[in-house]
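Chemist: Sequence below, structure please.
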Amino acid sequence: MTGSGASGAPSGSLSTADRRRAAQSRVTRHLGAGAQPSPAQVLADLAEETALLGESGAWDRYGAHGPVGELERRVAELLGKPDAAMFPSGVMAQQSVLRCWTDRQGSARVALPGLSHLLHHEQDGPALLHGLRYEHLTDAARTPTVEDLDAVKGPLGAVLLELPLRDGGYLLPTWQELVDLSRTCRERGVPLHLDGARLLESAPYWGRELHEVAELADSVYVSFYKGMRGLAGAVVAGPADVVDEARQWRTRMGGTLFSLHPYAVAGLRGLRLELPRMAEYRERAVELAKLLQDRGIAVSPDPPHTNAFRIHVPRLAAEVDERVVSLMESEGVALTPPFTDADVPGWAWTELTVGAATMEWEPAEAAERLARTLLG
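Modeler: The predicted model follows:
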């Protein structure tokens, strides 16, 4: 185990972050869902998946046919939408569909949560590339309500809901709140778009089928490299004319690649292997959250809305990260992503996502190991 100096920082020339990266190759057991097999294993798995597809496993070309066409067909069917289009990234997918809606509505104003991905992780791309103007529905870590939407006066090009609100701690509205927001958008004649980067992980919270959730919105985006454990890529589903127009924006933005084959095949593999387990993952997240609280680790939300939630400990982030990385180095066990110091002095937090790797741990064992490592 690496020693520490008087400041609490590890001795030697490497930072904790560098040591974490160096230790990744030696990790043999993960608690969270973020771990990936080696590139060789991933590509071998995709070759096997391609073989399972038969004729649909032939090469796609420029965003059509092959596994791209098959993924689009399956997502459209899954979400109950007339059409769907694959994009190399969710950023491009959402900017494209929002451009379609705002052009049609004659208003560049998009109402969205203040913690939206578009506002914090896209370097102002939607505004610089498409002239979108933002109206904040909320600024706190909570999901929007009808009252928030009613407070935004005047014409809107679109309303965007992020389900779940990741930067708020993977928060979801209640089913009734979602229904009410959908109804209000339709009464105002404003398209409702779902930023569903993790929507495929969210349906178990409401006890609804995905098509029931998607029915409340005019367009939906879903991602394939998060809970679906794909390589990259996203799909937008909605009315056929809107999706067709979004494809044109995909071409204009350089997203109609010669082939998206590996990304599409990985997405199809995720639908086959990971999507059926989402309710199981969420149940384990709820169980694990309760066990952590019993051991002095706070969680939010309580109980978790999806298979991911935040954990909070009364320690400084640097101290906790040192313990986590030391465990990776000494035992090859990875428990959590890096921690962040919280607004409350002396506390730190990180995210924990339940996936296939988590299910290999007994819940009590996982909670005990986390408590022993994080709290000392």
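Chemist: Any idea how far apart the tips of stretch 215-233 sit?
Modeler: In stretch 215-233, first residue to last residue: 23 Å (Cα to Cα, to the nearest Å).
Chemist: which regions of the stretch 101-250 of the chain lie under the pLDDT threshold?
Modeler: Along the stretch 101-250 of the chain, no part satisfies pLDDT under 70.
Chemist: Which strands or helices does the helix or strand where residue 159 lies pack on?
Modeler: Residue 159 is located in strand 158-162, with elements delineated by DSSP states H and E. With contacts defined as 3 or more Cβ pairs under 8 Å, 6 or more residues apart in numbering; DSSP states H and E, the secondary structure elements packing on strand 158-162 are helix 90-105, strand 109-113, helix 175-188, strand 192-196. In this view, the C-beta of every residue, glycine as well, is placed from N, C-alpha and C.
Chemist: which of these is buried the deepest?
Modeler: Comparing these by mean neighbour count (mean count of other Cβ atoms under 10 Å), strand 192-196 ranks first with a mean of 27.
Chemist: elements contacting that one?
Modeler: helix 90-105, strand 158-162, helix 175-188, strand 219-223.
Chemist: could you give the angle of it to strand 109-113?
Modeler: In terms of direction (axes from the mean of the first three to the mean of the last three Cα atoms, to 10 degrees), strand 192-196 departs from strand 109-113 by 40 degrees.
Chemist: Which elements pack onto the helix or strand just after strand 192-196?
Modeler: The helix or strand immediately downstream of strand 192-196 is helix 203-206, counting by DSSP H and E. Helices and strands touching helix 203-206, by 3+ Cβ pairs under 8 Å, 6+ apart, are helix 210-214, helix 278-294.
Chemist: rerun that using 6 Å as the cut-off
Modeler: helix 278-294 (3 or more Cβ pairs under 6 Å, 6 or more residues apart in numbering; DSSP states H and E).
Chemist: which outside residues touch the helix or strand following the helix it packs on?
Modeler: The C-terminal neighbour of helix 278-294 among helices and strands, as given by DSSP H and E, is strand 298-300. When contacts are taken as Cβ atoms under 6 Å, 6 or more residues apart in numbering, the neighbours of strand 298-300 outside the stretch itself are 169, 289, 292-293, 309-312.
Chemist: picking that back up, for residue 160, find the nearest of the helices and strands packed on strand 158-162.
Modeler: For these, the distance to residue 160 is smallest for strand 109-113, at 4.1 Å, taking Cβ to Cβ.
Chemist: how big is the angle separating that closest one from helix 90-105?
Modeler: Regarding strand 109-113 and helix 90-105, their directions subtend 140 degrees when assessed with the same axes, to 10 degrees.
Chemist: quick one, strands of the stretch 1-150 of the chain?
Modeler: 29-30, 83-87, 109-113, 133-138 (DSSP state E, counting those that start in this stretch).
Chemist: Out of these, which gets nearest to residue 214?
Modeler: Using Cβ to Cβ as the criterion, the shortest distance between residue 214 and the strands of the stretch 1-150 of the chain is 10.5 Å, found for strand 83-87.
Chemist: thinking again about what came up before, with distance to residue 368 as extra columns, can I get the strands of the stretch 1-150 of the chain in JSON lines?
Modeler: Putting those into JSON lines (distance: least, Cβ to Cβ, whole Å) gives the following:
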{"stretch": "strand 29-30", "distance to residue 368": "15"}
{"stretch": "strand 83-87", "distance to residue 368": "42"}
{"stretch": "strand 109-113", "distance to residue 368": "36"}
{"stretch": "strand 133-138", "distance to residue 368": "37"}
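Chemist: Go through these and pick out the most buried.
Modeler: When those are scored by mean count of other Cβ under 10 Å, the highest mean neighbour count falls to strand 83-87 (a mean of 26).
Chemist: which secondary structure elements does it contact?
Modeler: Strand 83-87 sits against helix 66-79, strand 234-238, helix 240-252, with contacts defined as 3+ Cβ pairs under 6 Å, 6+ apart.
Chemist: Give me the buried positions along the first one.
Modeler: Within helix 66-79, the residues that count as buried by 16 or more other Cβ atoms under 10 Å are 66-72, 74-76, 78-79.
Chemist: what's next to it, contact-wise?
Modeler: Under the contact criterion Cβ under 6 Å, 6+ apart, helix 66-79 has outside partners 56, 58-60, 83-84, 86, 210-211, 214, 220, 235, 237, 260-261, 264-265, 267-268.
Chemist: what's the spacing between residue 332 and residue 338?
Modeler: Summarising the geometry, the distance separating residue 332 from residue 338, computed by Cβ to Cβ, to the nearest Å, is 18 Å.
Chemist: With residue 284 instead?
Modeler: With Cβ to Cβ as the criterion, residue 284 and residue 338 are 23 Å apart.
Chemist: the more surrounded of those two?
Modeler: For residue 284 versus residue 338, neighbours defined as other Cβ atoms under 10 Å are more numerous around residue 284 (20 against 16).
Chemist: Just the pLDDT for the more buried one.
Modeler: Per-residue confidence at residue 284 stands at 98 (pLDDT).
Chemist: so what's it closest to, chain neighbours aside?
Modeler: The shortest distance from residue 284 to any residue that is not its chain neighbour, by Cβ to Cβ, 6 or more residues apart in numbering, is 5.0 Å, and that residue is residue 354.
Chemist: Tell me who's in contact with that neighbour.
Modeler: Contacts for residue 354 (Cβ under 6 Å, 6+ apart) come out as 281, 284-285, 307.
Chemist: Out of the strands of the stretch 1-150 of the chain, the one nearest residue 163 is which?
Modeler: Residue 163 sits nearest to strand 109-113 of all these, at 10.3 Å, using Cβ to Cβ.
Chemist: Could you tell me the angle between that closest one and strand 158-162?
Modeler: Strand 109-113 runs at 20 degrees relative to strand 158-162, counting by the same axes, to 10 degrees.
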